[in-house]
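> sharing a model that was predicted from the sequence below.
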Amino acid sequence: MKRLFGKIAFAAVALLMAFVMVQCNKTDDSSANITTTSYKTSSLDSYNYVSPAEEAIIAENGSDGIEEIIACIYTCVNAMPVEELSAEEVEAITFVREEELLAHDVYLAMYDLYHIPVFNNIANSEFIHTTAIKALIEKYELPDPAAEHVQGVFTNPDIQALYDALVDQGAGSFQDALVVGATIEDVDIWDLITHLAEDIDNADITYILSNLYKGSRNHMRAFNAHLTFQGLTYTPQYISQELFDQIISTPWEVGNGFCLCQYNYTEVTKKIVNE
């Protein structure tokens, strides 16, 4: 877990680097470029781009319903055996609970600023994710660091510092906010695959984190599509370029694994992560 906190401690610097890399990698196709200076709410009234990934998010959450998905989570988690938790598993559950809330809260803050649906749509998914971790906390009767959660306030000081840096960066412009979204998913994917590869062996925790990992891949596709639509290229700061390219070059992963009581963390992913 120390490696994770080390990454988070430098997240603000990486976030600034990510924005620099996006700016430096603008496409040469001038027809795709949109100015990145002063893109505030007033100039976004006509922005109506919806990526295929977003359409799938809306359809999936709408068809299954958030309450139904959460019911599936509790049913599946509680149907799996109660296994002894390692110290690493307890740390992972506790950390990811607030990490998913961070994503949820940042996206709500960005939606309040820019009123672009991608932030609200993905915030709804992040609410499902953090509730999935809550199901594990309740099953194993662990202390919940977010029991009295207030939007934008976190018990983990590293997560609080990252939240503050992300919101501050995202307030700069709509493009900044999209970079923030891609960066959050970049960090989340790195954290989740590290936990799955090194810290976790319980079936119920693997089920939850694997579905969070799939969700984060889909969220990355959505934010990257918006950046690409505006002629901008995101360069990953946490996961490898190989894994990033694999994610954005493959389509939305359909099907709600939460309600199938399945997980799909594969040896292929392990190979990419460990190279």
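Yep, it's here.

> contacts only, for the most centrally placed residue in the chain.
By C-alpha atoms, centre = their mean, the mean C-alpha position of the chain lies nearest to residue 185, the distance being 3.8 Å. Residues near residue 185 by C-beta atoms under 8 Å, 6 or more residues apart in numbering: 103, 216, 219, 220, 223. Every residue, glycine included, has its C-beta placed from N, CA and C.

> out of these, which one sits closest to residue 59?
Of all those, residue 219 has the smallest distance to residue 59: 15.0 Å, by C-beta to C-beta.

> can you tell me the element that closest one falls in?
With secondary structure defined by DSSP states H and E, residue 219 is part of helix 203-229.

> for that helix, which helices and strands make contact with it?
In this structure, helix 203-229 packs against helix 52-64, helix 66-79, helix 87-114, helix 117-139, helix 174-194, helix 241-248, helix 257-260, with contacts taken as 3 or more C-beta pairs under 8 Å, 6 or more residues apart in numbering; DSSP states H and E.

> and if we set it to 7 Å?
Contact partners of helix 203-229 among helices and strands, from 3 or more C-beta pairs under 7 Å, 6 or more residues apart in numbering; DSSP states H and E: helix 52-64, helix 66-79, helix 117-139, helix 174-194, helix 241-248, helix 257-260.

> deepest of those, which one?
Per-residue neighbour counts averaged over each of the helices and strands packed on helix 203-229 give the maximum for helix 174-194, namely a mean of 25 (mean count of other C-beta atoms under 10 Å).

> under the pLDDT cut-off, which ranges of this structure? List them.
Counting by pLDDT under 70, the low-confidence segments of the chain come to 1-43, 62-64, 254-256, 262-275.

> the same query, at a cut-off of 50, please.
Within the chain, the stretches with pLDDT under 50 are 1-6, 9-10, 12-13, 20, 24, 27-42, 265-275.

> please determine how far residue 260 is located from residue 97.
Separation of residue 260 from residue 97 (C-beta to C-beta, to the nearest Å): 23 Å.

> so who does the closest residue to residue 217 other than its chain neighbours touch?
Counting by C-beta to C-beta, 6 or more residues apart in numbering, residue 217 lies nearest to residue 247, which is 5.0 Å off, once chain neighbours are set aside. Applying C-beta atoms under 7 Å, 6 or more residues apart in numbering to residue 247 gives the contacts 217, 220, 221.

> residue 57: which of those is nearest?
residue 221 (9.6 Å).

> what sits against the closest residue to the closest one other than its chain neighbours?
Spatial nearest neighbour of residue 221, chain neighbours left out: residue 53 (4.1 Å); criterion: C-beta to C-beta, 6+ apart. With contacts taken as C-beta under 7 Å, 6+ apart, residue 53 has the following neighbours: 218, 221, 222, 225, 252.

> looking at these, which one is closest to residue 138?
Distance to residue 138, by C-beta to C-beta, is smallest for residue 218 among those, at 25.9 Å.
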